[in-house]
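> Take a look and give me a structure for this.
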Amino acid sequence: MSEPQTPYRPGLISWAEVVALGVIWGAGFLAVRIALEGIAPAWVATGRVTVAALTLALLLAVLRIPLPPLSERRIWAHVAGFAFFSNALPFMLMAWAQQHVQSSFVGVSMALVPLFTLVLAHVFLPDEKLTLPRIAGFALGLVGVVMLIGTKGVSLGEGAPQVLPRLACVAVTLCYAIGSIIARRSPRVDPIAYTAGSVIMACAAMLPLTLVLEGLPDWPGLRPVLALGYVGLLPTALASLLMVHVIRTAGPTFLTQTNYQVPVWSVIFGMLILAEPLPPQFLLALGLILGGLAVSRLALRR
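This next block holds a predicted model:
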């Protein structure tokens, strides 16, 4: 059995963290797209995990934080589950899908995470039951996301069939929802050690497999390498630390507030960096998303 759950108390720091996660992840999809200009999808996924694993291992050494002992099998079982569902599988799926769909579409699809998390939390977490205000807030935000999907700025484009890449993006959101529930139900352990252990475990599994299947990559050029470095350092290493901290202190459902911001930031960065036009429906969609955040916040306060 998992240990008793403590009450969630989201505060100013929690809100600052979810805003930071929204910006970091919103730019991350664009960076993955740039990395794919010269790097194979498997190496994009494995490279970002490797960079994050080295960064977090260095952080553990500097702070002198030990990993959980190997004898703690229950802890490592949760770490392994988190590594698979929050790192290895979604990163592979996302890198493959972004060969066929725009980065803004991947960002928009992240708004599905609250739906999956809401249902999973209702089943697996006794203090995360469904309430009408929460459902209303999520629904209002998702209306804004649907409006974004329908605009020209986030159109899926034409060409090769995109059913499987779209399904892969949906599968990524389900992976993240499962990972957040695993993190919340895991035994208490230092969040930095927990995060580092999961990323290092994912790297240990992905790196040999990618080497066997893809071989050593050629030098892709500076632009893809810089993009991969960003994805490894911020959306993977730093964001993983922030994500686990938010889940532990404010709950997995509160973390889903991030997923309403990600579509907005992904479109903004696409417009600024790739010179994509601003759709006329964007401001209305933004208002709906922020309205959903406000309703959900009221529900959390109650």
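> List the buried residues in stretch 93-108.
93-98, 100-108 (16 or more other C-beta atoms under 10 Å). All C-beta atoms are positioned from the backbone trio N, CA, C, and that covers glycine.
> now it, how far from the chain's geometric center?
Mean-position distance between stretch 93-108 and its chain equals 13 Å (C-alpha atoms, centre = their mean, to the nearest Å).
> Which of the buried residues of stretch 93-108 fall in helices?
Applying DSSP state H to the buried residues of stretch 93-108, the entries found in helices are L93, M94, A95, W96, A97, S103, S104, F105, V106, G107, V108.
> now the most far-flung residue of the chain relative to its centre: how far from S103?
Within the chain, S71 marks the point farthest from the mean C-alpha position, 29.7 Å out by C-alpha atoms, centre = their mean. Separation of S71 from S103 (C-beta to C-beta, to the nearest Å) stands at 43 Å.
> which stretches of the stretch 201-302 of the chain have low pLDDT?
Within the stretch 201-302 of the chain, the stretches with pLDDT under 70 are 253, 276-283, 285-286, 290, 293, 296-302.
> Would you map the strands across it?
With strands called from DSSP state E, counting those that start in this stretch, the stretch 201-302 of the chain shows none.
> Let's verify G38: helix, strand, or coil?
Three-state call for G38 (DSSP: H, G, I helix; E, B strand; the rest coil): coil.
> which residues touch it?
By C-beta atoms under 8 Å, 6 or more residues apart in numbering, the residues touching G38 are P220, G221, R223, P224, V225.
> which one is it nearest to, not counting chain neighbours?
Among residues not flanking G38 along the chain, P220 sits closest, at 2.8 Å (C-beta to C-beta, 6 or more residues apart in numbering).
> cool, A183 as well?
In this structure, A183 finds its nearest non-sequential neighbour in I247, 4.7 Å apart by C-beta to C-beta, 6+ apart.
> nearest to P191, of the ones in helices among the buried residues of stretch 93-108?
Lowest distance from P191 to those (C-beta to C-beta) belongs to M94, with 23.7 Å.
> Give me the distance between that closest one and E72.
Relative to E72, M94 is positioned 31 Å away (C-beta to C-beta).
> quick revisit: can you flag which of the contacts of G38 belong to helices?
Among those, the residues falling in helices (DSSP H) are R223, P224, V225.
> out of the residues you listed, who has the most neighbours?
When neighbours are taken as other C-beta atoms under 10 Å, the top entry among those is P224 (21 neighbours).
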